[in-house]
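Novice: give me a 3D structure for the following:
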Amino acid sequence: MPLLENGHLVADRWNYATNGQPLGTGSVIVPLSRLSEGLGRSMGDLGVVLPVDESISTLRDALPKLSVVVVIFPIFRDGRAFSQARALREHLHFTGEIRASGHVLPDQYEFLVRCGVTTVEVPENADVSAWERALHQFRVAMQPSVMNETPTGFGFRRFLPA
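Specialist: Numbering: from 1, shown residues only. Next comes the predicted model:
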């Protein structure tokens, strides 16, 4: 799947581990069930897929060794992965890549970034320009985010970066 970062396609250096296959030596993303096996590797970067029904606290001890956490959107109207991404940034202070995967829509892109997501897997036939437009659609937001934004006026209004 193509990978978006800041509204642009980027090369994906990660491989997903499949059940029953060896992890190899490169950069690999493992299912949560294989995390302990991945942590035992001596070579290559490690990432994990966090199921939507899992608490981020299950990753607390492993986070310093992880380079990427993949949050899953099983259907477009299931927003639990937004909460997982935000909690990874705000509560566990994860500074690595947070990747959104699954049923994500361009209309959600701005909100994903505001929650701390850095990359998004998009379908093969996705119109990248729609994703880029969605990223810059709003100039003011009403809720705080994990981004550095300038407060303006009363309440929670924030100017978004240009």
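Novice: contact partners for Gly38?
Specialist: Counting by Cβ atoms under 8 Å, 6 or more residues apart in numbering, Gly38 touches 17, 23, 28, 30, 46, 48. C-beta: built from backbone N, CA, C; applies to glycine.
Novice: again, 6 Å this time
Specialist: The neighbourhood of Gly38, defined by Cβ atoms under 6 Å, 6 or more residues apart in numbering, consists of 30, 46.
Novice: go on, Arg77?
Specialist: Counting by Cβ under 6 Å, 6+ apart, Arg77 has no contacts.
Novice: same question for Gln84.
Specialist: The neighbours of Gln84, taking Cβ under 6 Å, 6+ apart as the test, are 56, 71.
Novice: can we see that at 8 Å?
Specialist: Applying Cβ under 8 Å, 6+ apart to Gln84 gives the contacts 50, 52, 56, 71.
Novice: following the host helix or strand of it, which helix or strand shows up next?
Specialist: Taking DSSP states H and E as the definition, Gln84 sits inside helix 80-90. Reading on from helix 80-90 to the C-terminus, the next helix or strand found by DSSP H and E is strand 97-102.
Novice: what are the ranges of the helices in this structure?
Specialist: Applying DSSP state H to the chain gives helices spanning 35-39, 80-90, 109-114, 128-135.
Novice: centre of the chain to the shortest one, how far?
Specialist: Spelled out, it's helix 35-39. In terms of Cα atoms, centre = their mean, to the nearest Å, the gap separating the centre of helix 35-39 from the centre of its chain is 20 Å.
Novice: where does the protein have low pLDDT?
Specialist: Low-confidence segments of the chain, defined by pLDDT under 70, span residues 137-162.
Novice: just the strands from it, written as ranges.
Specialist: Using DSSP state E, the strands assigned to the chain run over residues 3-5, 8-10, 15-16, 28-31, 46-50, 68-73, 97-102, 119-121, 140-141, 150-151, 158-159.
Novice: in CSV, list those along with mean neighbour count and distance to Gln84.
Specialist: Shown next, in CSV, are the strands of the chain (neighbours: other Cβ atoms under 10 Å; distance: least, Cβ to Cβ, whole Å):
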stretch, mean neighbour count, distance to Gln84
strand 3-5, 19, 19
strand 8-10, 12, 22
strand 15-16, 14, 18
strand 28-31, 21, 15
strand 46-50, 23, 6
strand 68-73, 23, 5
strand 97-102, 21, 8
strand 119-121, 21, 14
strand 140-141, 14, 20
strand 150-151, 10, 26
strand 158-159, 16, 22
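Novice: could I get the ones you listed as TSV with distance to Leu39?
Specialist: As requested, these are arranged in TSV below (distance: least, Cβ to Cβ, whole Å):
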stretch	distance to Leu39
strand 3-5	24
strand 8-10	26
strand 15-16	17
strand 28-31	9
strand 46-50	7
strand 68-73	14
strand 97-102	17
strand 119-121	22
strand 140-141	37
strand 150-151	40
strand 158-159	38
